[in-house]
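Student: got a predicted model here, sequence first, then my questions.
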Amino acid sequence: GDSVTQMEGPVTLSEEAFLTINCTYTATGYPSLFWYVQYPGEGLQLLLKATKADDKGSNKGFEATYRKETTSFHLEKGSVQVSDSAVYFCALSWSLNKFYFGSGTKLNVKP
Amino acid sequence: DGGITQSPKYLFRKEGQNVTLSCEQNLNHDAMYWYRQDPGQGLRLIYYSQIVNDFQKGDIAEGYSVSREKKESFPLTVTSAQKNPTAFYLCASSMGKGGVTEAFFGQGTRLTVV
């Protein structure tokens, strides 16, 4: 069945460090891929998305590229800030509109 | 402003009581979802609805019930049959109708059963 696997956390970085959070997926079709961010005690907010192979989603300095050949959608940011500390979820969805979420990766950014 | 409203934000109930969590959206979305999140864990799908008067069980539907009588509303009832109901509950919606768009989430309801 469809599933999403993302790297376990927590990930701890110093401010201005480079961030990569790995995400791979298993799907029977060609899903849309998403990254969501969750701050403590809140719901999830869409960070970026990509709907087809080789698409690059970007927002607020974060980027992710839809790689069909490696079934991956890794999240990257060149220089993290303390305010980026949160939990990040990778997700997929396709025509049936069911969303599958990874287990989440907690990011801690230290000043 | 368009969005999803969950209420209340915090809810306390005694063991053995049923409780209903509210979810309302004004985005004109067809699809709505309920997820459960436990501390340090990901989201697990409880129920989802693609259209009014229709809904399907997700991965952990036992002990929960829903209704979808109106497009904008998708209440979740946590029944006394749910063995471990204390959790953070998230409601979401998406455009539906085969066009994949992102899911929009409410702010969540934290349910504590004592």
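Tutor: Everything's here; your move.
Student: got the residues of chain A near chain B?
Tutor: Taking CB under 8 Å from any CB of the partner chain, the part of chain A that reaches chain B is made up of A:31-32, A:34, A:36, A:41-46, A:49, A:51, A:89, A:91, A:93-95, A:97-99, A:101-104, A:106. Every C-beta, even on glycine, is put in place using the N, C-alpha and C of the backbone.
Student: quick one, what contacts the nearest residue to residue A:62 once chain neighbours are set aside?
Tutor: Among residues not flanking residue A:62 along the chain, residue A:77 sits closest, at 4.9 Å (CB to CB, 6 or more residues apart in numbering or on different chains). Residues near residue A:77 by CB atoms under 8 Å, 6 or more residues apart in numbering or on different chains: A:18, A:19, A:61, A:62, A:63, A:84.
Student: same list (the residues you listed) but as CSV, adding pLDDT, neighbour count and distance to residue B:59.
Tutor: CSV is the format used below for these (pLDDT from 0 to 100; neighbours: other CB atoms under 10 Å in any protein chain shown; distance: CB to CB, whole Å):
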residue, pLDDT, neighbour count, distance to residue B:59
A:18, 98, 10, 35
A:19, 98, 18, 30
A:61, 97, 13, 34
A:62, 98, 20, 28
A:63, 98, 17, 31
A:84, 97, 19, 30
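Student: about what we covered before: any idea what the residue nearest to residue A:62 is bridged to?
Tutor: Taking DSSP bridges, one finds residue A:19, residue A:62 as the beta-bridge partners of residue A:77.
Student: circling back to that earlier point, can you list the contacts of residue A:77 in JSON lines and add distance to residue A:110?
Tutor: What follows is those, written out as JSON lines (distance: CB to CB, whole Å):
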{"residue": "A:18", "distance to residue A:110": "15"}
{"residue": "A:19", "distance to residue A:110": "13"}
{"residue": "A:61", "distance to residue A:110": "18"}
{"residue": "A:62", "distance to residue A:110": "19"}
{"residue": "A:63", "distance to residue A:110": "23"}
{"residue": "A:84", "distance to residue A:110": "11"}
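Student: so how do I select the buried members of the residues of chain A next to chain B in PyMOL?
Tutor: If you want just the buried ones from these in PyMOL, going by 16 or more other CB atoms under 10 Å in any protein chain shown, the selection is:
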select buried, chain A and resi 31+32+34+36+43+44+46+49+51+89+91+93+94+97+98+99+101+102+103+104
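Student: which of the residues of chain A next to chain B fall within strands?
Tutor: Among the residues of chain A next to chain B, DSSP state E puts A:32, A:34, A:36, A:44-46, A:49, A:89, A:91, A:93, A:99, A:101, A:106 in strands.
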